[in-house]
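1. missing the sequence, but the structure's below:
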């Protein structure tokens, strides 16, 4: 098995922390407000109805609500997860979903407390690594000239 180098190990260790900066919870209203970031399962009828827009086998979508009413939600898609484990990032392309095609919608919010905690941990780790590897001060200046004679 190939061993990961230090920067790769650091990145692998930090990625779960970055994902933890978000919290998911139930929607507080039946129709989400514009700008709400949601994650929802795609129903079986939604897989069929949206195959032209999303491709084959979507199981979950994440997006920002552009407009919503009781019958349809327009989402600016961020991510679509597919059967088999593939996940595709989208560039906020707008897709209209009949309400019946989405199931178990949850709201995804940035958790500021966790974000500041992770930012502090990453900064402290970077400063410690830079200090250990001599990238920032603390070392002595080699070959200083001798003091002038009196």
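-> Ah, there it is. These numbers come from a predicted model, not from an experiment. Residues are numbered from 1 along each chain as shown.
2. count of residues packed around residue 75?
-> For residue 75, the count of nearby residues is 26 (other C-beta atoms under 10 Å). (Each C-beta comes from the backbone N, C-alpha and C, glycine too.)
3. pretty sure it is touching residue 67, no?
-> No: here residue 75 does not reach residue 67: they are 9.2 Å apart, not a contact under C-beta atoms under 8 Å.
4. which ones are touching residue 37?
-> Residues in contact with residue 37 (C-beta atoms under 8 Å, 6 or more residues apart in numbering) are 62-65, 78, 107-109.
5. now it, which residues is it bridged with?
-> Residues in a beta bridge with residue 37, per DSSP bridges, are residue 64.
6. Pull out the buried members of the contacts of residue 37.
-> 62-65, 78, 107-108 (16 or more other C-beta atoms under 10 Å).
7. Now for residue 80, how many residues are close by?
-> Residue 80 has 23 neighbouring residues, counting by other C-beta under 10 Å.
8. Identify the residues contacting residue 54.
-> Contacts of residue 54 by C-beta under 8 Å, 6+ apart are 42, 61, 80, 95.
9. Which parts of the chain are strands?
-> With DSSP state E as the criterion, the chain has strands at 22-26, 37-42, 58-68, 72-82, 87-98, 102-110.
10. Tell me how far the closest residue to residue 101 other than its chain neighbours lies from residue 97.
-> Leaving out its chain neighbours, the residue that sits closest to residue 101 by C-beta to C-beta, 6 or more residues apart in numbering is residue 46, at 2.9 Å. Relative to residue 97, residue 46 is positioned 7 Å away (C-beta to C-beta, to the nearest Å).
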